[in-house]
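S.K.: Provide a 3D model corresponding to the input given below.
(one chain, ligands or ions: 3)
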Amino acid sequence: MKTFFENVPQIKYEGKDSKNPMAFKHYNKDEVVLGKKMSEHLKFAMSYWHTLCAGGVDMFGSATIDRNYTCKCASPLEMAKAKADAAFDFMTKLGIEYFCFHDVDIDPESENLAEFKANIEEMTDYIKGLMDKTGIKLLWGTANNFSNPRYMHGAGTSPFADAFACAAFQIRNGLDATIKLGGKGYVFWGGREGYETLLNTDMGLELDNMARLMKMAVEYGRSHGFDGDFYIEPKPKEPTKHQYDFDAATVLGFLRKYGLEKDFKLNIEANHATLAGHTFEHELTVARINDAFGSIDANQGDYLLGWDTDEFPSNVYDATKCMIQVIKAGGFTNGGLNFDAKVRRGSYTPEDIAYGYINGMDTYALGLKMAAKIIEDGRLDAMVSERYESYKSGIGAKIIAGETSLDELADYAMSLEKIDVKSGRQELIESIINNIMFS
Ligand code: XLS
Ligand code: NI
Ligand code: NI
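M.R.: Numbers count the residues shown, from 1 in each chain. Ligands and ions are numbered 1, 2, ... in the order given. Predicted structure coming up:
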């Protein structure tokens, strides 16, 4: 029988000199880097939505990718099962050990909420069978609380309690599905949780309500055996003009205000970071230094476009800087690298999806190796440590220990004959990094 990914063979590691487009050049899953296998460092996950569902629709044109995984004459449930078969075939061929999904990605079109719930139950039974057969695991689950018209004014932040209740219904299903499939993560990405104009918006009430919904989700999850991490995925804009989960720092403030910081970590997406006017490594660092580093949506944006293009990552510098942060955070625990990435609209063949993943996985394998080289080289860390040398003794050590006062510091400053401020050496550091990466 013809299968969707029939032209995608089992992808193997062939090394950097290989010219075979259907082979890894850098991702060698069992290769040990810094004492751990590459596959354990990277924990790659497939995004169900972009990989199996997105057809390439944009506001100027219809789908370019055929998303039928079996005869169009099949029932919606048979279609959804064929899609799941294609998903597991693809992951097996690529050697991807995890996946992430929204409730609606696996669900056939349903007439009403009761049918939706029954379909999710049947589909998660089916997917569990595929997971048992292949050994592939669930990284995280989530609910799509943004596409349906009932969420036009938001879900958890909707001014309408009925829409809020529907969001709760979908979150309960999403959590049930995640628990059933053994997922260790549950994501909140607030697609419509924001506003267009403050002229019609009670921001305080909306944020309080979002927190109420999250608290209920935590209570439900914890009392039904979910021991993984809840994540918030920050994004500053798109689809709403102003999204409440703007960036990592904003989300941390929200979590602390409502006492949610123990249950929630952050899922940092590269393209969302750049939309917020930050670098990817900035967002990862904010998460890490606040003990909130959880998981990553690995993709990249286009610096010339102001929206979430969700491209497959190919920028090795960014992947290197990302992996330095992952290593510094002690690696992933419940999280991983989810390719929240899609092929361009004109790349409409199933093989293009494989090329996207192969290069994405190779990019992160390179990033991991480069990050390890930079850390093992030690010059960068030494230069950073030296830059803060003045806090290791004298008045600096007193500042760190909290053993001084504004009076003492002011007197100290007045006693100085020469103020000691050294060069930041940015250009030198940049040349050292290139030297390590390309040596
Ligand atoms: C959209 C988000 C979305 C989340 C999951 O911009 O990245 O894909 O990862 O809802
Ligand atoms: Ni994402
Ligand atoms: Ni995104």
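S.K.: make it CA atoms for all contacts and neighbour counts henceforth
M.R.: OK.
S.K.: can you pull the contacts of I232?
M.R.: I232 makes contacts with 187-189, 245, 251, 264-267, as judged by Cα atoms under 8 Å, 6 or more residues apart in numbering.
S.K.: Relative to S62, which of those is nearest.
M.R.: W189 (25.6 Å; Cα to Cα).
S.K.: Show me which residues of stretch 155-168 are buried.
M.R.: By neighbour count on 16 or more other Cα atoms under 10 Å, the buried set for stretch 155-168 is 155-159, 163-164, 166-168.
S.K.: Tell me the helix or strand right after the helix ranked longest in the chain.
M.R.: Of all segments of type helix in the chain, defined using DSSP state H, the longest is helix 350-377. Next along the chain after helix 350-377, taking DSSP states H and E as the criterion, comes helix 379-387.
S.K.: what comes up buried for that next one?
M.R.: L380.
S.K.: Mind checking the pLDDT average for the helix or strand following that helix?
M.R.: Helices and strands here follow DSSP H and E; after helix 379-387, the next one along the chain is helix 394-401. In this model, helix 394-401 has a mean pLDDT of 98.
S.K.: what's in contact with helix 394-401?
M.R.: Helix 394-401 has contacts (Cα under 8 Å, 6+ apart) with 390-391, 404, 409.
S.K.: Adding pLDDT and distance to A365 as columns, could you present the residues you listed in CSV?
M.R.: Output for those, formatted as CSV (pLDDT from 0 to 100; distance: Cα to Cα, whole Å):
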residue, pLDDT, distance to A365
S390, 98, 37
Y391, 98, 36
T404, 98, 47
L409, 98, 48
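S.K.: Closest one of the residues you listed to I106?
M.R.: Taking those together and measuring to I106 by Cα to Cα, the closest member is Y391, at 54.3 Å.
S.K.: Give the burial count for that closest one, as a bare number.
M.R.: Using other Cα atoms under 10 Å, Y391 has 15 neighbouring residues.
S.K.: How much space separates it from D407?
M.R.: Per Cα to Cα, to the nearest Å, Y391 is found 18 Å from D407.
S.K.: What is the most widely separated pair among the contacts of helix 394-401?
M.R.: S390 and T404 (14.9 Å).
S.K.: ok so, going back, inside strands: which ones of the contacts of I232?
M.R.: When those are checked against strands (DSSP state E), the matches are 187-188, 264-267.
S.K.: any idea which of these is closest to S223?
M.R.: Each of those was scored against S223 by Cα to Cα, and F264 proved nearest at 16.1 Å.
S.K.: For the closest one, which residues count as its bridge partners?
M.R.: Beta bridges link F264 to F230 when assigned by DSSP bridges.
S.K.: need the contact list for it.
M.R.: Taking Cα under 8 Å, 6+ apart as the contact definition, F264 lies against 229-232, 255, 292.
S.K.: who does the helix or strand that contains A168 touch, helix- and strand-wise?
M.R.: Element membership for A168 (DSSP H and E) is helix 161-180. Under the contact criterion of 3 or more Cα pairs under 8 Å, 6 or more residues apart in numbering; DSSP states H and E, helix 161-180 touches helix 103-106, helix 113-134, strand 137-142, strand 185-188, helix 203-223.
S.K.: Dump the fourth one to PDB, keeping only the CA atoms.
M.R.: Extracted in PDB, the C-alpha atoms of strand 185-188 (Å, rounded to 0.1, in the frame of the first residue of the first chain):
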ATOM      1  CA  GLY A 185       4.800  18.100  30.100                       C
ATOM      2  CA  TYR A 186       1.600  20.100  29.500                       C
ATOM      3  CA  VAL A 187       1.900  23.400  27.600                       C
ATOM      4  CA  PHE A 188      -0.200  26.600  27.800                       C
END
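S.K.: strand partners of it, parallel vs antiparallel please.
M.R.: strand 137-142 (parallel), strand 229-232 (parallel).
S.K.: about what we covered before: kindly present the contacts of helix 394-401 as TSV, with separate columns for distance to G225.
M.R.: TSV is the format used below for the contacts of helix 394-401 (distance: Cα to Cα, whole Å):
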residue	distance to G225
S390	49
Y391	46
T404	48
L409	53
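S.K.: For A177, which non-adjacent residue is closest in space?
M.R.: In this structure, A177 finds its nearest non-sequential neighbour in T124, 6.5 Å apart by Cα to Cα, 6 or more residues apart in numbering.
S.K.: hang on, the earlier thing: could the strands paired with strand 185-188 go into TSV alongside distance to N7 and mean pLDDT?
M.R.: Shown next, in TSV, are those (distance: least, Cα to Cα, whole Å; pLDDT from 0 to 100):
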stretch	distance to N7	mean pLDDT
strand 137-142	24	99
strand 229-232	36	98
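S.K.: now those strands in TSV, with distance to S39?
M.R.: Shown next, in TSV, are the strands paired with strand 185-188 (distance: least, Cα to Cα, whole Å):
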stretch	distance to S39
strand 137-142	13
strand 229-232	21
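S.K.: With G346 as the reference, name the closest of the ones you listed.
M.R.: Comparing those under Cα to Cα, the one sitting nearest is strand 137-142, at 28.4 Å.
S.K.: and the closest one, which residues are buried?
M.R.: Going by neighbour count (16+ other Cα under 10 Å), the buried part of strand 137-142 is 137-142.
S.K.: what pairs with the spatially most central residue of the chain across the strands?
M.R.: Central residue of the chain (Cα atoms, centre = their mean): D297, 2.2 Å from the mean position. Counting by DSSP bridges, D297 forms beta bridges with E269, N338.
S.K.: Just confirm it contacts E269, I think it does.
M.R.: Yes: counting by Cα atoms under 8 Å, D297 does reach E269; the two are 4.3 Å apart.
S.K.: hey, what's in contact with both of the two?
M.R.: Shared contacts of D297 and E269, defined by Cα under 8 Å, 6+ apart, are absent.
S.K.: picking up where we left off before, return the member of the ones in strands among the contacts of I232 nearest to D58.
M.R.: Using Cα to Cα, F188 is the member of the ones in strands among the contacts of I232 that lies nearest D58, at 24.4 Å.
S.K.: tally of neighbours for the closest one?
M.R.: The number of residues packed near F188 is 21, by other Cα under 10 Å.
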